[in-house]
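**Student:** Curious how this folds, go ahead:
(one chain, ligands or ions: 1)
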Amino acid sequence: MTGATLDAHVRVDRGRYVLDAQLHVDAGEVVAVMGPSGAGKSTLFGAVAGFVPLTQGSVQLDGQTVDAASGPHVEPRHRGVVLLGQEPRLFPHLSARENIAFGPRARGAARAAARGDADTWLERVGLGGLGGRRPAELSGGQQQRVALARALATAPRVLLLDEPLTSLDPETAGEIRTLLSRQIADTGTTAIVATHDAADAASLATRLVVLEAGQVTQVGAVHAVLDAPATPFVTVIAGTLPRAEVEGWEARIVRVEQDGGAVQAHARTADGGEVVLHLPAGTVVALGATVTVR
Ligand SMILES: Nc1ncnc2c1ncn2[C@@H]1O[C@H](COP(=O)(O)OP(=O)(O)OP(=O)(O)O)[C@@H](O)[C@H]1O
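**Tutor:** Numbering: from 1, shown residues only. Sure, this is the predicted structure:
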């Protein structure tokens, strides 16, 4: 199961607002998109998914054009691009298991196989044993786990995550962030995550695309962009990112674990010594980052 390479150059004219953006995402890569409110993140997602008509440009998956202003338009449901938003939007009358099995069933999978796969997904997202519950019997975080499982169960070519953690409390958001990151990596899914939170971009994505007033204003490795802001907007978001800065021995983060909500970062010094940093829930630690401890 591997995601597709995405190449999009999309222009959407909507009165005085114009989105004109280019986006390349490698197969299996996770890219974050950040921008002020109204910059066009949702419009960009709509164009990639096929819900927003292009004025100019095209969307290609693995080199195949799935949308062009004057050309083919593959229907959203046949594109393999799945959108996971702020709200889980589960089918309320179906159980968690049936919600997850719905996509594969619609594509012709046998009922028993789809339900069996759904149970595997429920285990993967930490909800083993809760498959018979309807959404109203699950917490917001549990519903978001079901929504993630439902999205990944269809083996999407591209997964679009539009503020997936925004409506969750900080502890649940931290858990889902870890889960998202692990499941996306394990499945090799190509993903784009739109977020207002630099910590989400830093923990989920390798590259960051900054979108302002419908234009891409900066793009690069997440930390490279945040370390060298090209616009006032990037300067502001870079300032919100928590950083570990103490004086002492240099150590490199080699492993990050979560215990309940709290984060434990294992860092190794050049001579092989290991220190464990106990950090508050929600702290973002980049693997390979260098910290100074004393
Ligand atoms: N259905 C619509 N009809 C007309 N204009 C719209 C529509 N949806 C969005 N817009 C406008 O398009 C522009 C881009 O909006 P969009 O929702 O894509 O931005 P965004 O970056 O996702 O914002 P936010 O972070 O607040 O969700 C804005 O100027 C917005 O007012």
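
**Student:** Not counting sequence-adjacent ones, nearest residue to residue 283?
**Tutor:** Spatial nearest neighbour of residue 283, chain neighbours left out: residue 263 (4.8 Å); criterion: C-beta to C-beta, 6 or more residues apart in numbering. For every residue, glycine as well, the C-beta is placed using N, CA and C.

**Student:** Just want the phi and psi numbers for the one you found.
**Tutor:** phi -110, psi 130 (degrees, to the nearest 10).

**Student:** looking at this structure, which helix or strand is least sure?
**Tutor:** None of the helices or strands of the chain scores lower by mean pLDDT, DSSP states H and E than strand 290-293, at a mean of 77.

**Student:** That strand pairs with which strands, and in what direction?
**Tutor:** Partners of strand 290-293 in the sheet, by DSSP bridges, are strand 249-259 (antiparallel).

**Student:** Find me whatever residue is spatially closest to residue 146, sequence neighbours aside.
**Tutor:** Leaving aside its chain neighbours, residue 146 sits nearest to residue 96 (4.7 Å; criterion: C-beta to C-beta, 6+ apart).

**Student:** Pull the contacting residues for the one you found.
**Tutor:** 90, 118, 122, 127, 130, 131, 132, 133, 134, 135, 138, 146 (C-beta atoms under 8 Å, 6 or more residues apart in numbering).

**Student:** With residue 42 instead?
**Tutor:** Residue 42 makes contact with 162, 194 under the criterion C-beta under 8 Å, 6+ apart.

**Student:** separation between it and the ligand?
**Tutor:** Using C-beta to the nearest ligand atom, to the nearest Å, residue 42 is found at 3 Å from the ligand.

**Student:** I'd like the average pLDDT over the helix or strand in which that residue is found.
**Tutor:** Element membership of residue 42 [criterion: DSSP states H and E] is helix 41-49. For helix 41-49, the mean pLDDT works out to 95.

**Student:** biggest helix in this structure by residues?
**Tutor:** Ranked by residue count, the top helix of the chain under DSSP state H comes out as helix 170-187.

**Student:** what about dumping the CA coordinates of the helix or strand just after that one to CSV?
**Tutor:** The first helix or strand that comes after helix 170-187 along the chain, using DSSP H and E, is strand 190-194. Extracted in CSV, the C-alpha atoms of strand 190-194 (Å, rounded to 0.1, in the frame of the first residue of the first chain):
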residue,chain,number,x,y,z
THR,A,190,1.1,10.4,0.7
ALA,A,191,-0.4,13.1,2.9
ILE,A,192,-0.9,16.9,3.1
VAL,A,193,-1.8,18.4,6.4
ALA,A,194,-3.2,21.9,6.6
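
**Student:** orientation of strand 190-194 relative to helix 41-49 in degrees?
**Tutor:** Counting by axes from the mean of the first three to the mean of the last three C-alpha atoms, to 10 degrees, strand 190-194 lies at 160 degrees to helix 41-49.

**Student:** Could you name the helices and strands sitting against the helix or strand following strand 190-194?
**Tutor:** Sequence-wise, the next helix or strand beyond strand 190-194 is helix 198-204, with elements assigned using DSSP H and E. Counting contacts by 3 or more C-beta pairs under 8 Å, 6 or more residues apart in numbering; DSSP states H and E, helix 198-204 packs against strand 30-34, helix 170-187, strand 190-194, helix 222-227.

**Student:** coming back round to it: now the very next helix or strand once past the helix holding residue 42: buried residues?
**Tutor:** As assigned by DSSP H and E, the chain's next helix or strand after helix 41-49 is strand 56-61. Across strand 56-61, burial judged by 16 or more other C-beta atoms under 10 Å covers 57, 58, 59, 60, 61.

**Student:** Convert the C-alpha atoms of strand 56-61 to PDB, please.
**Tutor:** Taking Å, rounded to 0.1, in the frame of the first residue of the first chain, the C-alpha atoms of strand 56-61 are listed here in PDB:
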ATOM      1  CA  GLN A  56      -6.400  26.900 -15.000                       C
ATOM      2  CA  GLY A  57      -3.800  24.200 -14.300                       C
ATOM      3  CA  SER A  58      -4.000  20.500 -13.600                       C
ATOM      4  CA  VAL A  59      -3.700  17.800 -10.900                       C
ATOM      5  CA  GLN A  60      -1.600  14.800 -11.600                       C
ATOM      6  CA  LEU A  61      -1.300  11.600  -9.600                       C
END
